[in-house]
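3D, please:
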Amino acid sequence: MEARIAIVGGCDGDLPSLYQWLTGEDELRGHVRVARRPMRETDLGSAGDLLTVALSAGGAGSVLSSALITWLKTRRTSAKITVEAGNRSITLEIDTLRDATALLEQVLRADRDDADRSA
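You can find the predicted model right below:
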């Protein structure tokens, strides 16, 4: 399964900062990549970069969830993070973090569950 993480708002250094933060996690090291976000019809200007994280079985989704929430809590900017996995997505920001862990893990788990059912 692959999770796609885009940062909305914030400052120019947020994506490199998040990349560095995630690659500092042993379970995620080597699985995080910077990719070009595809343009959507509603986008103005050029498409931005995003991070892709290849998640294997064995708890990497939980590690990613915890790392994203902890990174957001350390931010001084009002950046939002949108995480997509399969056909599900969630947008996180400082104000919504209290209940975000369970929701984020549900989004990350859903794509893996769908793949298991189709196998």
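
Go ahead and name everything in contact with stretch 6-18.
5, 34, 37, 48-51, 68, 71, 75, 77-82, 84, 91 (C-beta atoms under 8 Å, 6 or more residues apart in numbering). (C-beta placed from N, C-alpha, C; glycine too.)

Give me the three-state assignment for the closest residue to Val53 other than its chain neighbours.
Sequence neighbours aside, Ala3 is the residue nearest to Val53 in space, at 4.6 Å (criterion: C-beta to C-beta, 6 or more residues apart in numbering). Assigned by DSSP: H, G, I helix; E, B strand; the rest coil, the conformation of Ala3 is strand.

And the one 4 residues further on, by the same measure?
For Ile7, the reduced secondary structure class is strand; criterion used: three-state DSSP.

tally of neighbours for it?
21 (other C-beta atoms under 10 Å).

Is it bridged to anything, and to what?
Counting by DSSP bridges, Ile7 forms beta bridges with Ile81.

separation between it and Gln106?
21 Å (C-beta to C-beta, to the nearest Å).

Tell me which residues touch the residue nearest to Val53, please.
52-53, 55, 61, 64, 83-85, 108.

mind listing the helices for the protein?
If DSSP state H is used as the criterion, the helices of the chain fall at 14-23, 60-74, 100-118.

Now mean neighbour count too, for these, in TSV please.
As requested, the helices of the chain are exported to TSV (neighbours: other C-beta atoms under 10 Å):
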stretch	mean neighbour count
helix 14-23	17
helix 60-74	18
helix 100-118	15
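
With that, I have no additional questions.
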